[in-house]
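> Could you work out the structure for the sequence below:
(2 chains)
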Amino acid sequence: MGMNSLFDSYLVVLPILIPLTGAMVALLLRRQPRVQAGWALGTMVTSLAASTWLLLVVARSGQAQVLQSGGWAAPFGITLVGDMLAAVFVVMTQLVMVCGLWYAIGSKDKVVTYPTFFTLFLTLATGLTGAFLTGDLFNMYVFAELLVISGTVLTAVSDDRFGTEAAQKYFYISLLASFFMLLSVGSLYAGYGTLNMADLSVRIGADGTQLLLWPAIAFLFATFMIKSAVFPFHFWQPDFHTAAPTAVSAMLSSVVVKLGVYGFLRMTTLLFVAQSGPLRAILLVLGVIGVIFGGLSAIGTHNVKRMLAYSTLAQVGFILVAIAWGTPLALGTAVVFSFNHSVIKAAMLMLAGYVASHASVKSASFAVVTGVGRRLPLAGAFFFVGSLALAGIPPTNGFVSKMMLFSSGLGAQGYWALLTIGLASLFTLLYTMRAFQRIWWMQPGGGITTKASGDVLWAPGLLMVLIVLLGVWAEPLVQVAMQTSTWLGDPQLYIRAVLGG
Amino acid sequence: MEILASLTVGLLFAIGVYQLLRRNVIRSVIGLVILANAVNLFLLSTGAYASDAAAYTTAAGTRSDALPQALILTAIVISMGGTAFVLAMLYVVSARYKTADLDELDGLKN
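Here you go, the predicted structure:
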């Protein structure tokens, strides 16, 4: 085995290993906050480089990068699988996480000065990345727990006085999600004697009559509904995402909710292919409800961060509808939409936090931030572009996602769903423009002044560049997504990569 | 043995869900702990199809699958951490609101 191939076979573990190691070292650096912050950012950038490399290797070679940990051949050991879907989602996650860390470093939040903040941020990245890259269902549960606990702690210590309460609410529902996932794991293991996802796919394909198969599907479906805050399991999400520190909520509302999206994609295209019909039907209904409900709720809020949290509900709804249509173009759309939404939503939440940090009281409520933006023109320009992106207007990446969604809807002949979500997407423009108008146009009420110092605008600026860049030069992302969609259309590619033969 | 395990799992679930829905914070945490144990017992019963045989024996003969026990071990460790964390959070929240009634921890409503 040459040096190059030895390195290649371990490439898939690097995006997990780098942030995990970085988190431990960051713990040792807790007495030097500046060094620690720099270290965390450096770690995340290195990890992003590794995951981008992984994506390039997978896309170029057309081969999934697989690591049988401990040398145990699948399905006996834990397998790490970097296929196209996992690689794209990992790059998306780590790209947004780099911006999140960058924002945190320039943030005036007190929570950022706590000795374990950066450690927890890195373990959050580790958990999410691991959940995407693992090929074993139980291992996914373990990584999801790491993610949940890191995210909850980061919110519980938030500057927002309701942080702990929101975190507690989230943790309860997350523990239930973990129980659901374990029940699903147990049911599948009782029926099929394996937890390796490729092996499960083969066995379920061969025998779909096991007694516990449908309970397992239902529990796993519920788990991912909670992870992605899909209606009716959404109630914790606006509280949790509003109360979290800005840098953290920008991660939670963008990449962390994509874990459920990833789960649904894996469920319908790998694990339960023969059973995916009813699942897609449910996803379609849930997606449409999410789009309408999320949009309407976002209009009714009186807090910018909360508005954006509800907007996530609607945007995830669009992605679920694409997964439900399930045509090759629609699956590609789901990937593009996920990527673009992560970038947009992270940027928007950072801008909301930026404005809040310049308000007299640190709050994103409209009562406090009205007129605060009048002295922050650059943030206003960014917010305006972000609003266009969220609503799907060119020249932004949101337009690309929406256009792909509409053409895949026409292709899949999902006219009713298309019409409904088309109309409901007008809500997006309504609520973002209302927020823009209140913060940047309206005269501030008595006694409201803009503080000269606040958070730093670099990270959302970088995301803005990405929004426009992915809008005018969408080809690479769309190509990668369509290649992913080919993989999703043929589960044998994943299965062969893991089990060989 | 399987019947007994199934009935116990069902009973634990019923108790766990009932306690979880109580308004007292401590009772709700107890509910979570009972639910965690119900899930663990369920996992155990998926691997105990060789009846009550041990997971590993050197002597020839029937043995149970050891994997569910490894899964449970992991799940126990995680849920222990989770329980400790939930208790810590509830302590902070109920000290702030000076109540142990979940319905009165409603600062987010306003």
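
> those helices in chain B, which residues are they?
Per DSSP state H, chain B has helices spanning B:2-20, B:25-47, B:67-97. These are given in chain order.

> Point out the most buried one among these.
Highest mean neighbour count among those (mean count of other Cβ atoms under 10 Å in any protein chain shown): helix B:25-47, with a mean of 20. From N, CA and C alone the C-beta is placed, and that goes for glycine too.

> quick one on the thing from earlier: I'd like the helices of chain B laid out as a markdown table, including distance to chain A and mean pLDDT.
Rendered in a markdown table, the data for the helices of chain B read as follows (distance: least, Cβ to the nearest Cβ, whole Å; pLDDT from 0 to 100):
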| stretch | distance to chain A | mean pLDDT |
| --- | --- | --- |
| helix B:2-20 | 8 | 91 |
| helix B:25-47 | 4 | 90 |
| helix B:67-97 | 5 | 90 |
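
> now those in a markdown table, with distance to A:Leu430?
As requested, these are arranged in a markdown table below (distance: least, Cβ to Cβ, whole Å):
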| stretch | distance to A:Leu430 |
| --- | --- |
| helix B:2-20 | 39 |
| helix B:25-47 | 39 |
| helix B:67-97 | 35 |
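
> nearest to A:Thr450, of those helices?
Among the helices of chain B, the nearest to A:Thr450 by Cβ to Cβ is helix B:67-97 (30.8 Å).

> where's the closest residue in space to A:Phe337 that isn't next to it in sequence, which helix or strand?
What sits nearest to A:Phe337 in space, not counting adjacent residues and going by Cβ to Cβ, 6 or more residues apart in numbering or on different chains, is A:Ser401, at 4.3 Å. Per DSSP states H and E: A:Ser401 is located in helix A:397-411.

> could you say what helices and strands that helix packs with?
Other elements packing on helix A:397-411 under the criterion 3 or more Cβ pairs under 8 Å, 6 or more residues apart in numbering or on different chains; DSSP states H and E are helix A:304-325, helix A:328-358, helix A:377-391, helix A:415-436, helix A:458-472, helix A:475-489.

> check contacts around the residue most central in space within chain B.
When Cα atoms, centre = their mean is applied to chain B, the residue found nearest the centroid is B:Ala36 (1.1 Å). The contact partners of B:Ala36, taken as Cβ atoms under 8 Å, 6 or more residues apart in numbering or on different chains, are A:Leu175, A:Phe179, B:Ala75, B:Ile76, B:Ser79, B:Thr83.

> Name the residue of chain A with the shortest distance to chain B.
Closest approach between chain A and chain B, counting by Cβ to the nearest Cβ: A:Ala190, at 3.9 Å.

> wait, what's in contact with the closest residue in space to that residue that isn't next to it in sequence?
Leaving aside its sequence neighbours, A:Ala190 sits nearest to B:Thr46 (Cβ to Cβ, 6+ apart; 3.9 Å). When contacts are counted by Cβ under 8 Å, 6+ apart, B:Thr46 is found next to A:Gly186, A:Ser187, A:Tyr189, A:Ala190, B:Pro68.

> three-state assignment of the first one?
If I follow you right, that is A:Gly186. The assignment at A:Gly186 comes out as helix when based on DSSP: H, G, I helix; E, B strand; the rest coil.

> right, and it touches B:Asn40 too?
No. The pair A:Gly186 and B:Asn40 fails to qualify as a contact (Cβ atoms under 8 Å) at a distance of 9.4 Å.

> Not counting its neighbours along the chain, what's nearest A:Pro444?
A:Gly371 (2.9 Å).

> and that neighbour, how many neighbours does it have?
Counted with other Cβ atoms under 10 Å in any protein chain shown, the neighbours of A:Gly371 add up to 19.

> just A:Gly70 next, same as before
When counting by other Cβ under 10 Å, one arrives at 8 neighbours for A:Gly70.

> and it, what does it touch?
A:Gly77, A:Ile78.

> How much space separates it from A:Phe76?
A:Gly70 sits 9 Å away from A:Phe76, taking Cβ to Cβ, to the nearest Å as the criterion.

> Do I have it right that A:Ile153 meets A:Leu120?
For residue A:153 the amino acid is Val, not Ile. Yes. At 5.6 Å, A:Val153 and A:Leu120 qualify as touching, with contact defined as Cβ under 8 Å.

> So which elements touch the helix or strand harbouring A:Trp39?
Using DSSP H and E, A:Trp39 sits in helix A:33-61. The contact analysis (3+ Cβ pairs under 8 Å, 6+ apart) places helix A:33-61 against helix A:14-28, strand A:65-68, helix A:84-105, helix A:117-133, helix A:475-489.

> cutoff 10 Å now
Counting by 3 or more Cβ pairs under 10 Å, 6 or more residues apart in numbering or on different chains; DSSP states H and E, the packing neighbours recorded for helix A:33-61 are helix A:3-10, helix A:14-28, strand A:65-68, strand A:79-82, helix A:84-105, helix A:117-133, helix A:475-489.

> Just give the number of residues close to A:Val256.
Other residues near A:Val256 number 26, with proximity taken as other Cβ under 10 Å.

> Hmm, I typed the wrong one, I wanted B:Arg22.
When neighbours are counted by other Cβ under 10 Å, B:Arg22 registers 14.

> residue contacts, it?
Residues in contact with B:Arg22 (Cβ atoms under 10 Å, 6 or more residues apart in numbering or on different chains) are B:Ser28, B:Ile30, B:Gly31, B:Asp101, B:Leu102.

> Distance of the most centrally placed residue in chain A relative to A:Gly295?
In chain A, the C-alpha closest to the average C-alpha coordinate belongs to A:Val255, at a distance of 1.9 Å (Cα atoms, centre = their mean). Here A:Val255 is placed at a distance of 22 Å from A:Gly295 (Cβ to Cβ).

> For the nearest residue to A:Leu27 once chain neighbours are set aside, the count of nearby residues, please.
Beyond its immediate neighbours in the sequence, the residue positioned closest to A:Leu27 (Cβ to Cβ, 6+ apart) is A:Thr119, lying 5.0 Å away. With neighbours defined by other Cβ under 10 Å, the count for A:Thr119 comes to 23.

> Give the residue spans of chain A that score low on pLDDT.
Under the criterion pLDDT under 70, the flagged ranges of chain A are A:1-8, A:446-448, A:501.

> If we use 50, what do you get?
Within chain A, the ranges that satisfy pLDDT under 50 run A:1-3.

> So B:Thr83 sits against B:Val33, correct?
Yes. The pair formed by B:Thr83 and B:Val33 meets the contact definition of Cβ atoms under 10 Å, at 5.9 Å.

> Contacts only, for residue 24.
Picked chain A for this. Taking Cβ under 10 Å, 6+ apart, one finds A:Thr119, A:Leu122, A:Thr123 in contact with A:Met24.

> Hmm, no, I was thinking of chain B.
Applying Cβ under 10 Å, 6+ apart, the residues near B:Asn24 are B:Ile30, B:Gly31, B:Thr99, B:Ala100, B:Asp101, B:Leu102.
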